[in-house]
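Chemist: For reference, the sequence and a predicted model appear below.
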There are 4 protein chains.
Amino acid sequence: MAGSIFGTLFRMTTWGETHGKGVGVVVDGCPAGLSLCKEDVQKYLNRRKPGQSKYTTKRKEDDQVEILSGVFEGKTTGTPISMAVFNKDQHSKDYSAIKDVYRPGHADYTFDKKYGFRDYRGGGRSSGRETTARVAAGAVAAKALEELGIEIFAYTKAIGPVQIDSSRFSKEERDKNALYMPDVQAAAQAEAYLQEKMRELDSSGGIVECVITGMPVGIGEPVFDKLSANLGKAILSIGAVKGFEIGDGFAAAQSVGSENNDDFYNHNGKIEKKTNHAGGILGGMSDGSVITFRAAFKPTPSIAQPQQTVNREGEDTEIVIHGRHDPIIVPRAVVVVETMAAVTVLDLLLQNMGSSLEGVKNFYRSDKK
Amino acid sequence: MAGSIFGTLFRMTTWGETHGKGVGVVVDGCPAGLSLCKEDVQKYLNRRKPGQSKYTTKRKEDDQVEILSGVFEGKTTGTPISMAVFNKDQHSKDYSAIKDVYRPGHADYTFDKKYGFRDYRGGGRSSGRETTARVAAGAVAAKALEELGIEIFAYTKAIGPVQIDSSRFSKEERDKNALYMPDVQAAAQAEAYLQEKMRELDSSGGIVECVITGMPVGIGEPVFDKLSANLGKAILSIGAVKGFEIGDGFAAAQSVGSENNDDFYNHNGKIEKKTNHAGGILGGMSDGSVITFRAAFKPTPSIAQPQQTVNREGEDTEIVIHGRHDPIIVPRAVVVVETMAAVTVLDLLLQNMGSSLEGVKNFYRSDKK
Amino acid sequence: MAGSIFGTLFRMTTWGETHGKGVGVVVDGCPAGLSLCKEDVQKYLNRRKPGQSKYTTKRKEDDQVEILSGVFEGKTTGTPISMAVFNKDQHSKDYSAIKDVYRPGHADYTFDKKYGFRDYRGGGRSSGRETTARVAAGAVAAKALEELGIEIFAYTKAIGPVQIDSSRFSKEERDKNALYMPDVQAAAQAEAYLQEKMRELDSSGGIVECVITGMPVGIGEPVFDKLSANLGKAILSIGAVKGFEIGDGFAAAQSVGSENNDDFYNHNGKIEKKTNHAGGILGGMSDGSVITFRAAFKPTPSIAQPQQTVNREGEDTEIVIHGRHDPIIVPRAVVVVETMAAVTVLDLLLQNMGSSLEGVKNFYRSDKK
Amino acid sequence: MAGSIFGTLFRMTTWGETHGKGVGVVVDGCPAGLSLCKEDVQKYLNRRKPGQSKYTTKRKEDDQVEILSGVFEGKTTGTPISMAVFNKDQHSKDYSAIKDVYRPGHADYTFDKKYGFRDYRGGGRSSGRETTARVAAGAVAAKALEELGIEIFAYTKAIGPVQIDSSRFSKEERDKNALYMPDVQAAAQAEAYLQEKMRELDSSGGIVECVITGMPVGIGEPVFDKLSANLGKAILSIGAVKGFEIGDGFAAAQSVGSENNDDFYNHNGKIEKKTNHAGGILGGMSDGSVITFRAAFKPTPSIAQPQQTVNREGEDTEIVIHGRHDPIIVPRAVVVVETMAAVTVLDLLLQNMGSSLEGVKNFYRSDKK
């Protein structure tokens, strides 16, 4: 399996290389009757567009999405939704510098070894541009979840050593700064840090955090298709992600049971938890409380400093990567995390519908209305 | 999908509850011609058996595996390998204490809400005993990988605040102490820490680390089925795992590109990397260097202290969990991590065989010999 | 993929060889809350048991099923249902006659070439005994469908040249004769025909027909996972099946549109069809009328006449197959067809639940009750 | 699952409605290094293009394919191959006649019931135009198979009562007549028959036959993913197909074992079969001889005669379908059968590579070269 398909009931198939004709996605299994227009998708794509600030490439990708199928009279029909973002200009740049040389931290070498050769133009299929297609599919999933009262909200939690402070957390703030940080003060510090890295011709890593609210209880399948496991796969499939944690994550490894267990209690007639170290997932299923997870992104591998490497013949050489590159991946990845989570949650939510015979019987008794 | 199937070409289907007739697994897609006997599987199961030390439950599960199909004259036949561990005694214990009460940190509540009711005996399907089946399947995968020169080695990296010291790392030491720590000194400290927690009627979390050596280059599919993403899903599907990281993991988020990039160089005619911050995976594919990853386990949720919770009617109540429970999950989970990694790697390795037309042509030209 | 897993949401994994320790199946994804006991499954298995008449092997397979997991207090729990039929005696017979010789019409040769060797005892995995496991899984599906008002009923339509006459069709008659024919007169003729074939040391082919009643409209997914396509795969995966047709089937190829189209009409306020050439499926989806399909079975390949063949070295030789073999596969296959259809229909019925957003919203609004 | 994805390792995802912006397909898992250009695909599409003769619609669909990704410097790269055929003009025709009325023999009614509404323009997703996308994907598979020495050849076997005569079979003849019949005499008779049907404002059914040569032994997985079962699903997923048979098919049901068994013999040092009633498949695996199968197509449901039906409110009404429609589906379906078979065979061929450990070891020992 070449692995460009994700999901079981709500499934996306992505295609496209960074310097080819465009990138796109086919969404199979979206429920019929969802209001959907280009703008619903475009607003998500705009969040990962380059050229928005000095921390993202100046390259002006227009990233205008086209919906090619699956929508009729403003609603999804239940058939595949094909979406594409076509490249405006495919000018043939000079790739001689990277054609036969393996860039450190990139997939050039592994692609060549796996397939015998590669599309060397700007990383081909391994480029961050591939995530455009995921975001388009995820925008559809997010819209469907919204109708079910489920909201997914991701943001930059850390850039290098600069972390947001939860006491200053402001949802509204996120979209007001170029770094998508929900803490105006941390955003300012992070900007200073990034400018320093840019002066040093270097790049920085960072952390994205995501919260999901409004989840019904019981989403996720025990054993292999746990909500936590599927979210983990979804997020770890984003290039540059090196770590994933749910709830307290690695901190739980240093905790004790009496601390880490979240006691249940009756809160105005509803079963709730006093704390949420578990991050909203028990036994792989949503427990009705807020779901929280984090993803660690490595620093942008394309840096302007000279680096030691080898060419295709295995000879030692030096490489200098030209062109403008983001000094940090994280801000543009926020929307990718958010939409990958949306796809995963919707997929498991649809699978959950057959969990109990009583539910199945009621569904068919009411004739799917 | 109830989610008890894992894999695409090498697939395992697990079954069984902790206090039912037994647990088992069916392995579909194992290549034919692999030497396999009960002992090959049993030696892996023994590593997760309880009753081995004071840090694991005294319950004497005998865990003797039976191979029910798929092996003929000592070799796998290419047909499904069914394996089971039958329970010796299914004495009806008194479960009244937990039958109608939700244990904090367990899946009792989410199971009830998802399915309408649950097998309340000892956690049912959510019990750690389910991993017995995974280990049996993984033992088969590990044996096949061994024939291909690939070795997977996991161990306890940390217990609560006690970490192993890489300068004292000794592979042989791992199997000599009850905690499966490859550092005799850290093991002693961890034992002291655990005894303290036991006195406090508490439990501890910890970290398992895993290294994979001998990997060919190019295993893993770009985009969604990255080796890192599939390993992440495999490991995060183990109950109690709250975090996963590859290579430098979360530390990479605080690093800079000039540090984090691993330079390539020519090492005696072979392309190698000077460092391995990436943990052996580039662009989702193995890069030929050692693969390293870590998993964070939460503390055992079953503790002997009284805890606040609710019953099925949503009324506040207190619960005291009786019986002997491991104060730490990690030591017995080491072999689970190792075998889940084996299943994941073998599955992607088989998928990789069709990557290039040249490879496919040569395969059929030589008539699969 | 070794291909021993079937289904997407309701999935079965079968295992076992004819002369091994037994055969079994794991059902993953069965809705929770279905009343299920051993007898529910056993009554289906009894229908394919040998030794029931002179047209089935005298070998007394006891075929007593055991439910090993997934059922608690008489109800399915939503977790995998493992079932097994263990062999009573695994006496080592003398297989020297077939060990190194390829029986015509059997899979001996193809198994050897694919896997390098084979379990030569009685056909191993390719034996009809493998279908025991399918029937067990299908019995569970059939019981769930029954709760939804859906009934699946298969029967012998033809044995060699002898066909049932629809004017004499009697549902009750089916289980009264050894051939499972719902026409007492045809059954008598078919018996005479079979006895003649037995005297000639020969065997006969035949046809199984199946009708499904009570189907909701819209089950089946347009394009690849059409109800007709998935039923076709299910039935064609039964060994010895060489043909499959829905509704008028091959006769439709000789028909004209004005005949073959089924006109819709208002029947007491309900939309119905005046005829049913389509066999209850339009555009791959159930149309609310009765579903009908047929499967063609080849004659039993094991016959007592001497046959020309080759051995493993490719040398010409003669083979005489000893032992008692059914002169016809069809009567015992009736229940296999019925249960494979049940699995297919339930699987698509569960997938259908997410078809429209309105249905999904109502489902979660009512909290799966 | 909306079911627009087909395959396990070589997978296609199709999209598009007949009167939307176009139709397309994404092929995931095609081996890298296959020479591929637009013309390789276009020549297959041309065979299903309308407007080629008086037996196909006059509508001039230009059907020019564009390859949007996955090919670089004339070769497949191993990444998804996205292909699309965009519609030139999407003129808004007047659909009022069929908008609220259910055409007999079409999927209008089932679509409406499943999804709540439908894209009523010309059948939407259920139109034969959807097969354009399959043919494009299958053209890629066929080209890869060609490199492995495997050829798939389909043709019209029967139109209504007119069948080809095997004694007059001529491969070259197939592409010389509008009906794709490999028998010039039968083609003339069939033309006369069709013209009669057209005068009667009626349509005809027919049969497509397909032969596959050059297959290695052992392709197909025993049990569920038999080559015969997967071919059956592939072919039965084509709209209008009502029957499928392998080798002797339904005739085998009337045969006897001594006739139907194909004896093996040594033919110049190779194991071959004296006859081929099995159609090249034993135990679900290719046996090295020629594979033959047939598909029965119903008559075109769109006929110009007035037909009785109901509208969306369930009221009885009459419908007259205007516009030019093919009086027979078969000729244009020949290439669809051929390409669906190609996709199925390549998919199983890739899966087969991991069948034996010896094969896997040799593959990795030789470093995939």
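Modeler: Noted; the coordinates are in hand.
Chemist: D:Glu147 versus A:Thr300, what's the distance?
Modeler: From A:Thr300 across to D:Glu147, the span is 40 Å (C-beta to C-beta, to the nearest Å). The C-beta positions use only the backbone N, C-alpha and C, and glycine is treated the same way.
Chemist: Compare those two and say which is more crowded by neighbours.
Modeler: A:Thr300 (24 against 16; other C-beta atoms under 10 Å in any protein chain shown).
Chemist: Which element, helix or strand, includes that one?
Modeler: For A:Thr300, there is no enclosing helix or strand under DSSP states H and E.
Chemist: give me every residue that touches it.
Modeler: Contacts here follow C-beta atoms under 8 Å, 6 or more residues apart in numbering or on different chains; on that basis A:Thr300 touches A:203-204, A:240, A:325-329, B:257.
Chemist: again, but for A:Asn276
Modeler: With contacts defined as C-beta under 8 Å, 6+ apart, the neighbours of A:Asn276 are A:247, A:262, A:289-290, A:292.
Chemist: Taking the stretch 151-300 of chain A, what residue is nearest to chain D?
Modeler: A:Gly239 (13.8 Å; C-beta to the nearest C-beta).
Chemist: Phi, psi for that residue please.
Modeler: phi -50, psi 140 (degrees, to the nearest 10).
Chemist: could you measure it against A:Arg134, distance?
Modeler: Using C-beta to C-beta, A:Gly239 is found at 11 Å from A:Arg134.
Chemist: What helix or strand is A:Lys157 located in?
Modeler: Assigned by DSSP H and E, A:Lys157 falls in strand A:151-159.
Chemist: burial count for A:Arg103?
Modeler: 22.
Chemist: same check, this time on A:Gln189
Modeler: Neighbour number of A:Gln189 under other C-beta under 10 Å is 17.
Chemist: ok, the nearest residue to it once chain neighbours are set aside - contacts?
Modeler: Among residues not flanking A:Gln189 along the chain, A:Val162 sits closest, at 4.7 Å (C-beta to C-beta, 6 or more residues apart in numbering or on different chains). Applying C-beta under 8 Å, 6+ apart to A:Val162 gives the contacts A:186, A:189-190, A:193.
Chemist: Name the residue of the stretch 151-300 of chain A that lies nearest to chain B.
Modeler: Residue nearest to chain B within the stretch 151-300 of chain A (C-beta to the nearest C-beta): A:Gly283, separated by 2.3 Å.
Chemist: Is A:Gly284 in contact with A:Ile219, as I believe?
Modeler: No - using C-beta atoms under 8 Å, A:Gly284 is not in contact with A:Ile219; the gap is 9.7 Å.
Chemist: can you pull out the helices in the stretch 101-250 of chain A?
Modeler: Secondary structure of the stretch 101-250 of chain A by DSSP state H, counting those that start in this stretch: the helices cover A:108-115, A:131-147, A:184-199, A:227-236.
Chemist: I'd like those helices as JSON lines, with mean pLDDT appended.
Modeler: Putting the helices of the stretch 101-250 of chain A into JSON lines (pLDDT from 0 to 100) gives the following:
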{"stretch": "helix A:108-115", "mean pLDDT": "94"}
{"stretch": "helix A:131-147", "mean pLDDT": "98"}
{"stretch": "helix A:184-199", "mean pLDDT": "97"}
{"stretch": "helix A:227-236", "mean pLDDT": "98"}
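Chemist: Out of the ones you listed, which is the most enclosed?
Modeler: helix A:227-236 (a mean of 29; mean count of other C-beta atoms under 10 Å in any protein chain shown).
Chemist: wait, does it contact chain D?
Modeler: No - under the criterion of C-beta under 8 Å from any C-beta of the partner chain, chain D is not reached by helix A:227-236; the shortest gap measures 16.0 Å.
Chemist: Just give me how far that helix sits from the chain centre.
Modeler: Chain-centre distance of helix A:227-236: 11 Å, with C-alpha atoms, centre = their mean, to the nearest Å.
Chemist: Give me the angle between it and helix B:227-236.
Modeler: Here the directions of helix A:227-236 and helix B:227-236 differ by 170 degrees (axes from the mean of the first three to the mean of the last three C-alpha atoms, to 10 degrees).
Chemist: where does the stretch 51-200 of chain A have low pLDDT?
Modeler: A:51-52, A:54-61, A:89-92 (pLDDT under 70).
Chemist: Is A:Gln351 in a helix, a strand, or coil?
Modeler: helix (DSSP: H, G, I helix; E, B strand; the rest coil).
Chemist: That one contacts C:Leu9, correct?
Modeler: Yes - with contact defined as C-beta under 8 Å, A:Gln351 counts as touching C:Leu9 (6.7 Å).
Chemist: List the contacts of A:Ala251.
Modeler: A:Ala251 touches nothing, counting by C-beta under 8 Å, 6+ apart.
Chemist: Would it be right to say that it lies in a helix?
Modeler: Yes - per three-state DSSP, A:Ala251 lies within a helix segment.
Chemist: can you give me the strands in the stretch 201-350 of chain A?
Modeler: Along the stretch 201-350 of chain A, counting by DSSP state E, counting those that start in this stretch, strands occupy A:206-213, A:241-246, A:264-267, A:270-273, A:281-282, A:285-286, A:291-297, A:307-310, A:316-319.
Chemist: I'd like those strands as JSON lines, with distance to C:Glu172 and mean neighbour count appended.
Modeler: Shown next, in JSON lines, are those (distance: least, C-beta to C-beta, whole Å; neighbours: other C-beta atoms under 10 Å in any protein chain shown):
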{"stretch": "strand A:206-213", "distance to C:Glu172": "56", "mean neighbour count": "23"}
{"stretch": "strand A:241-246", "distance to C:Glu172": "58", "mean neighbour count": "29"}
{"stretch": "strand A:264-267", "distance to C:Glu172": "55", "mean neighbour count": "18"}
{"stretch": "strand A:270-273", "distance to C:Glu172": "52", "mean neighbour count": "18"}
{"stretch": "strand A:281-282", "distance to C:Glu172": "52", "mean neighbour count": "29"}
{"stretch": "strand A:285-286", "distance to C:Glu172": "47", "mean neighbour count": "28"}
{"stretch": "strand A:291-297", "distance to C:Glu172": "56", "mean neighbour count": "27"}
{"stretch": "strand A:307-310", "distance to C:Glu172": "79", "mean neighbour count": "22"}
{"stretch": "strand A:316-319", "distance to C:Glu172": "82", "mean neighbour count": "15"}
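Chemist: May I see those arranged in TSV, with mean pLDDT as well?
Modeler: TSV is the format used below for these (pLDDT from 0 to 100):
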stretch	mean pLDDT
strand A:206-213	98
strand A:241-246	98
strand A:264-267	97
strand A:270-273	96
strand A:281-282	98
strand A:285-286	98
strand A:291-297	98
strand A:307-310	96
strand A:316-319	95
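Chemist: Same list, those, but as a markdown table with distance to B:Ala304 please.
Modeler: Shown next, in a markdown table, are those (distance: least, C-beta to C-beta, whole Å):
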| stretch | distance to B:Ala304 |
| --- | --- |
| strand A:206-213 | 33 |
| strand A:241-246 | 26 |
| strand A:264-267 | 18 |
| strand A:270-273 | 21 |
| strand A:281-282 | 20 |
| strand A:285-286 | 26 |
| strand A:291-297 | 29 |
| strand A:307-310 | 56 |
| strand A:316-319 | 60 |
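Chemist: Any idea which of these gets closest to C:Val27?
Modeler: strand A:285-286 (20.3 Å; C-beta to C-beta).
Chemist: Given the closest one, what are its sheet partners and their directions?
Modeler: Strand A:285-286 pairs in its sheet with strand A:281-282 (antiparallel), by DSSP bridges.
Chemist: Settle this for me: A:Val334 is touching A:Phe153, isn't it.
Modeler: No - under the criterion of C-beta under 8 Å, A:Val334 is not in contact with A:Phe153, lying 9.6 Å apart.
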